[in-house]
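A.B. asks: What follows is a predicted structure for the sequence shown.
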Number of protein chains: 2
Amino acid sequence: MPYSSEHKQNSREKILQSAYRLFSTKGFDNVTIDRVMQDCSLTRGAFYGHFRSKSELYKEALKFAASTSKLADIKPEGLSSREWLSVLLDGYLSLEHVYGERPCPLAFLATDIVSRDKETHKTYARGYTRMNQLILDYAGRDTVKNAQDIFSLTSMIIGAVAVSRTLGDQQQVQQILSSCRQQARLMLGGI
Amino acid sequence: MPYSSEHKQNSREKILQSAYRLFSTKGFDNVTIDRVMQDCSLTRGAFYGHFRSKSELYKEALKFAASTSKLADIKPEGLSSREWLSVLLDGYLSLEHVYGERPCPLAFLATDIVSRDKETHKTYARGYTRMNQLILDYAGRDTVKNAQDIFSLTSMIIGAVAVSRTLGDQQQVQQILSSCRQQARLMLGGI
DNA sequence: GTCTATATTGGGATAGAC
DNA sequence: GTCTATCCCAATATAGAC
């Protein structure tokens, strides 16, 4: 009896899960297909049944990350938009995020993306636009006079997380994150 | 007659110049020693007379970039500290910087650094600390109540440049940079 | 769909001539 | 100090058995 297509779908998702985790923490060149497949307990031969190349995997992992990010979650019933945004920002600007396993690829792959192909750039750009869009929606268009004001906020939180990850000194990282949490609230008119 | 040690010093600097440009635009893995040496019109064999390994080259290029950055320049006589800071920020948050040949490695290598060795991390961290220090000095300690407030500013400008580089849409990049220039002035109490 | 074996390439590093 | 030739490993991708 052949494997079901559902089973294949499952394998695909496991591969994406592993790929996302590995790519975002190590970057394209420091992840091998072998490593990804080991990570999800499959073998390399199986890989080519799901993806044509490593580049395609990278791109799909990026999409996958965007669709499963906390930002894409539905707002919990009990919270107002701005309370929920506050929760999201605190999560983003936290040690758990900086050192965690499911980081935001916008921050973790910011400079890695440049060497990838055009399609991947577009995928990244879509994710970035989406992030701005979501934050703008939660903040409310009345709070943010100009849609473009959001850009400085997202630049800041992405930059903070990207830089923090490279710094050894956790004390300093805490200061950076804390400084940005405070500044983010100011930018959003105090929430 | 043997080559002078001055000649060797010159070669070293040319190598660093090329390495800095190539590494910061392409990242560690997408630059080969061959490419660097070609770029400065030397051959690969000569490389090992100057550096022990590619990693060492990367680290030295990072130091070199820090020591020759515009931020490290002496303030021109005619300008006040805050005017000079204003010039520096506008230069940092400009299209020329984002698409130029001598970019800030703090932004361009933010996520590339993570995969490097400990010594390289330290070099990056020193550069980051130095950037904060310099901006704080120019801004004046009276303007910035808390030294840590600078962190949100540097996160923002580094993040903006890092993200901008990956986006194809120049219109959008302009908006991001402009949004950050405006926000930077607000953060520094209007300059 | 999964696995093993293998072809192939790219690039870091070394040795030795000049 | 610089160059050429060479070794060698790591990793992508393919072919074919099961």
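C.D. replies: Looks like it came in fine.
A.B. asks: Which pLDDT value belongs to the spatially most central residue of chain A?
C.D. replies: With distances taken as CA atoms, centre = their mean, the residue of chain A nearest its centroid is A:Cys104 (2.2 Å). pLDDT recorded at A:Cys104 is 96.
A.B. asks: domain parsing for chain A?
C.D. replies: As recorded under automatic domain parsing, the domains making up chain A are A:5-54, A:69-187.
A.B. asks: which of the ones you listed sits most buried?
C.D. replies: Across these, averaging neighbours per residue (mean count of other CB atoms under 10 Å in any protein chain shown) puts domain A:69-187 on top, at a mean of 18. (C-beta placed from N, C-alpha, C; glycine too.)
A.B. asks: Quick check: chain neighbours aside, which residue is closest to A:Tyr124?
C.D. replies: Distances taken as CB to CB, 6 or more residues apart in numbering or on different chains place A:Ile113 nearest to A:Tyr124, at 4.9 Å, with adjacent residues excluded.
A.B. asks: which one is the closest residue to chain B within chain A nearest to, not counting chain neighbours?
C.D. replies: Across chain A, no residue is closer to chain B than A:Gly159, which sits at 2.2 Å (CB to the nearest CB). Spatial nearest neighbour of A:Gly159, excluding adjacent residues (CB to CB, 6+ apart): B:Gly159 at 2.2 Å.
A.B. asks: Pretty sure that neighbour sits against A:Met156.
C.D. replies: Yes - with contact defined as CB atoms under 8 Å, B:Gly159 reaches A:Met156; the gap is 5.9 Å.
A.B. asks: Let's have the domains of chain A in TSV, adding distance to DNA strand D.
C.D. replies: TSV is the format used below for these (distance: least, CB to the nearest atom of the strand, whole Å):
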stretch	distance to DNA strand D
domain A:5-54	4
domain A:69-187	11
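A.B. asks: Flag whichever of those domains has the least confidence on average.
C.D. replies: Among the domains of chain A, domain A:5-54 scores lowest, with a mean of 90.
A.B. asks: Can you give the distance from it to the centre of its chain?
C.D. replies: Offset of domain A:5-54 from its chain centre (CA atoms, centre = their mean, to the nearest Å): 17 Å.
A.B. asks: for the closest residue to A:Pro76 other than its chain neighbours, what are its contacts?
C.D. replies: Nearest non-adjacent residue to A:Pro76, counting by CB to CB, 6+ apart: A:Trp84, 6.7 Å away. Residues near A:Trp84 by CB atoms under 8 Å, 6 or more residues apart in numbering or on different chains: A:Lys75, A:Pro76, A:Tyr138.
A.B. asks: Okay, and which of these map to strands?
C.D. replies: Secondary structure assignment by DSSP state E places none of these in strands.
A.B. asks: mind giving me CSV with those and columns for distance to B:Ile176?
C.D. replies: Output for the contacts of A:Trp84, formatted as CSV (distance: CB to CB, whole Å):
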residue, distance to B:Ile176
A:Lys75, 26
A:Pro76, 31
A:Tyr138, 20
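A.B. asks: ok so, going back, distance of the residue nearest to the centre of chain A relative to B:Gly45?
C.D. replies: According to CB to CB, to the nearest Å, A:Cys104 stands 44 Å off from B:Gly45.
A.B. asks: what's the answer for A:Ser164, then?
C.D. replies: 40 Å.
A.B. asks: Going by residue numbers, what spans are helices in chain A?
C.D. replies: Per DSSP state H, chain A carries helices over the ranges A:5-26, A:33-39, A:44-47, A:54-68, A:81-92, A:95-99, A:105-108, A:118-139, A:149-164, A:170-187.
A.B. asks: Is any residue of stretch A:34-48 near DNA strand C?
C.D. replies: Yes - using CB under 7 Å from any atom of the strand, stretch A:34-48 reaches DNA strand C at A:Leu42, A:Thr43, A:Arg44, A:Gly45, A:Ala46, A:Tyr48.
A.B. asks: quick one, what contacts the residue nearest to A:Lys122 when sequence neighbours are not counted?
C.D. replies: Taking CB to CB, 6+ apart, and ignoring the residues beside it in sequence, A:Lys122 has B:Gly168 as its nearest neighbour in space, at 7.3 Å. Contacts for B:Gly168 (CB under 8 Å, 6+ apart) come out as A:Lys118, A:His121, A:Lys122, A:Ala125.
A.B. asks: ok so, going back, how close does the residue of chain A closest to chain B sit to A:Tyr20?
C.D. replies: In terms of CB to CB, A:Gly159 sits 21 Å off from A:Tyr20.
A.B. asks: got it, and A:Val114?
C.D. replies: In terms of CB to CB, A:Val114 sits 19 Å off from A:Tyr20.
A.B. asks: what does stretch A:170-180 rub up against?
C.D. replies: A:93-95, A:98, A:156-157, A:160, A:163-164, A:167, B:148-152, B:155.
A.B. asks: Quick check, A:Thr111 in contact with B:Gly27.
C.D. replies: Yes - between A:Thr111 and B:Gly27 there is a contact under CB under 8 Å: 6.5 Å.
A.B. asks: Name all residues that sit in contact with the two at the same time.
C.D. replies: With CB under 8 Å, 6+ apart, A:Thr111 and B:Gly27 have common neighbours B:Leu109, B:Asp112.
A.B. asks: Now for the residue nearest to A:Glu119 when sequence neighbours are not counted: which residues touch it?
C.D. replies: Sequence neighbours aside, A:Lys59 is the residue nearest to A:Glu119 in space, at 5.9 Å (criterion: CB to CB, 6+ apart). For A:Lys59, the contact set (CB under 8 Å, 6+ apart) comprises A:Arg116, A:Asp117, A:Glu119, A:Thr120, A:Thr123.
A.B. asks: run the last query once more with 7 Å
C.D. replies: A:Glu119, A:Thr120, A:Thr123 (CB atoms under 7 Å, 6 or more residues apart in numbering or on different chains).
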